[in-house]
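[1] Here is a sequence with its predicted model. Questions after.
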Amino acid sequence: EGFQRWCREFGKEYETKEEWESRFETWKENYRTILKENDKKHTHTLGMNAFGDLTEDEFKHKILRGGMIEPQTLYRNNSNLPPPPHPPPPPPQKKRE
């Protein structure tokens, strides 16, 4: 299952069954949001990261307001998401003068 792989990849462990279930529900909501946003064919694609089990409010409180981010957790490749539905756009070309 994707959530269990994600937990292993990011070293997530939960104290109780209730916490695991709650984090799993949050992770599924975030996963669905990522898929919906990627279906909109923006110029960027979203992916799951180490914060996938946090609600938006938890992320804002723990991470953005003085929380600590370990840079390596932001850049891990997570294989839980399917590839984006469209290829990324090519990089912009410099105009020749």
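    Yep, that arrived. Numbering: from 1, shown residues only.
[2] buried stuff in stretch 25-38?
    For stretch 25-38, a neighbour-count test (16 or more other CB atoms under 10 Å) marks 26-27, 30-31, 34, 38 as buried. For the C-beta atoms, the positions are set from N, CA and C on the backbone; glycine is no exception.
[3] just for the protein, where's the confidence low?
    65-97 (pLDDT under 70).
[4] can you pull out the helices in the protein?
    2-10, 17-39, 56-59, 71-74 (DSSP state H).
[5] Need these in TSV (columns: distance to Ala50).
    Output for these, formatted as TSV (distance: least, CB to CB, whole Å):
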stretch	distance to Ala50
helix 2-10	5
helix 17-39	11
helix 56-59	11
helix 71-74	4
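[6] so which of these comes closest to Thr45?
    Thr45 lies closest, by CB to CB, to one member of the helices of the chain: helix 17-39, at 5.1 Å.
[7] helices or strands next to that closest one in the packing?
    Helix 17-39 sits against helix 2-10, with contacts defined as 3 or more CB pairs under 8 Å, 6 or more residues apart in numbering; DSSP states H and E.
[8] ok, Asn30 - contacts?
    With contacts defined as CB atoms under 8 Å, 6 or more residues apart in numbering, Asn30 is in contact with 48, 52-53.
[9] and of the residues you listed, the nearest to Glu18?
    Using CB to CB, the contacts of Asn30 come closest to Glu18 at Asp53, 13.7 Å.
[10] hang on, the earlier thing: kindly reformat the buried residues of stretch 25-38 as CSV containing distance to Lys60.
    As requested, those are exported to CSV (distance: CB to CB, whole Å):
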residue, distance to Lys60
Thr26, 14
Trp27, 17
Asn30, 14
Tyr31, 19
Ile34, 18
Asn38, 22
